[in-house]
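Chemist: okay, sequence plus prediction incoming.
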Amino acid sequence: MIRNLQVITLLIIILLVFVYGFFYISFNHTPSYLKWVNEDLRSYFAKNFFLRRTLRLYQPGDARSDYFLAKQFTKLKVEVYESSYGALYPASLELVKNGVDGVIKKPGGIKIEKKKIEQVPENVGDKFIDKLADNFPKYSGNTAILRIYILSVYETHPTLIGITAGAYSFVVFKSSIEDSSEILAIWEDLEQEAILHEIGHLLGARHSNYENCIMNKIVDVPNRSFSSFIPTKYCFYDKEAIRLANI
């Protein structure tokens, strides 16, 4: 009897290891023959906090339910990591505190906590961004955490004004914003545009082709004519993309 129980237990362990390995490889390495698993099932697994952490689902958008919904986390703490290259403008802080144009609704409120990040290179490369992405927050109680890093310039694309860093954070490239114009008002608008765009990605929205919408891919690169409109609010298509990503 005992021997039978040991065999059954061993078989269950082997089965669990196989299932875990199957989904871990499907979601994190995605060989071509398992691409359908990643495309069809990732969002379902990502909605479950325990499964997401266990399977290491840390791509942009994987934690969208933490931020968009209030079912598990009724509060949001936004950690703003300032550096020697600057801090967010007051208008940007208000934008975040007020729920990022209404797409984040937390009945317990949104708290902003300012921190410092030291020893930041002027030109930030992919390895540095990957380290930020790997430093995912430890949630406590009913509070979700989102991180914003204020850095200088993205080495790979110097005109980029923002980029996601995993599922829980994003970067605002302050020097790239300020190098794009000599007008303070444009800096402020571009910073808000970058925040809305990157949070849109964290909430599951992808790039769109809708002109003058936040999730348009051109928003990432402000080196263009400023006679055009700089959006600082989500358009209808942006909000619809975020809503559909969280169904």
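Modeler: Looks like it came in fine. Remember, predicted model here, so these are calculated numbers, not experimental data.

Chemist: all helices of this structure, in order?
Modeler: Taking DSSP state H as the test, the helices found in the chain are 2-28, 35-46, 49-54, 64-68, 90-97, 126-134, 174-179, 184-202, 236-245.

Chemist: how about those in CSV, adding distance to residue 117, mean pLDDT and mean neighbour count?
Modeler: For glycine as for every other residue, the C-beta is placed from the backbone atoms N, C-alpha and C. Formatted as CSV, the entries for the helices of the chain read as follows, by distance: least, Cβ to Cβ, whole Å; pLDDT from 0 to 100; neighbours: other Cβ atoms under 10 Å:
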stretch, distance to residue 117, mean pLDDT, mean neighbour count
helix 2-28, 27, 87, 11
helix 35-46, 27, 90, 15
helix 49-54, 24, 90, 14
helix 64-68, 21, 94, 23
helix 90-97, 17, 96, 16
helix 126-134, 9, 94, 15
helix 174-179, 12, 92, 21
helix 184-202, 17, 94, 22
helix 236-245, 28, 95, 17
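
Chemist: and for residue 213, the neighbour number?
Modeler: Taking other Cβ atoms under 10 Å as the neighbour definition, residue 213 ends up with a count of 22.

Chemist: am I right that it is in contact with residue 238?
Modeler: Yes. With contact defined as Cβ atoms under 8 Å, residue 213 counts as touching residue 238 (5.2 Å).

Chemist: circling back to that earlier point, export the helices of the chain to TSV and tack on distance to residue 159?
Modeler: As requested, these are exported to TSV (distance: least, Cβ to Cβ, whole Å):
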stretch	distance to residue 159
helix 2-28	31
helix 35-46	31
helix 49-54	33
helix 64-68	27
helix 90-97	20
helix 126-134	16
helix 174-179	6
helix 184-202	11
helix 236-245	22
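
Chemist: so which of the ones you listed is nearest residue 158?
Modeler: helix 174-179 (6.4 Å; Cβ to Cβ).

Chemist: what's that closest one in contact with?
Modeler: When contacts are defined by Cβ atoms under 8 Å, 6 or more residues apart in numbering, helix 174-179 is touched by residues 85-86, 122, 150-154, 158-161, 187, 190-191, 194, 222.

Chemist: and stretch 97-109, by the same measure?
Modeler: Counting by Cβ under 8 Å, 6+ apart, 67-68, 70, 73-76, 78, 95, 110, 112, 142-143, 195-196, 199-200, 203, 233-234, 239, 242 sit against stretch 97-109.

Chemist: can you rerun that using 10 Å?
Modeler: By Cβ atoms under 10 Å, 6 or more residues apart in numbering, the residues outside stretch 97-109 that reach it are 67-70, 73-78, 95-96, 110-112, 141-144, 146, 192, 195-196, 199-200, 202-203, 205, 214, 232-234, 238-239, 242-243, 246.

Chemist: where do the contact lists of residue 213 and residue 238 overlap?
Modeler: Looking at what touches both residue 213 and residue 238 (by Cβ under 10 Å, 6+ apart), the common residues are 197, 200, 231.

Chemist: nothing else from me, thank you.
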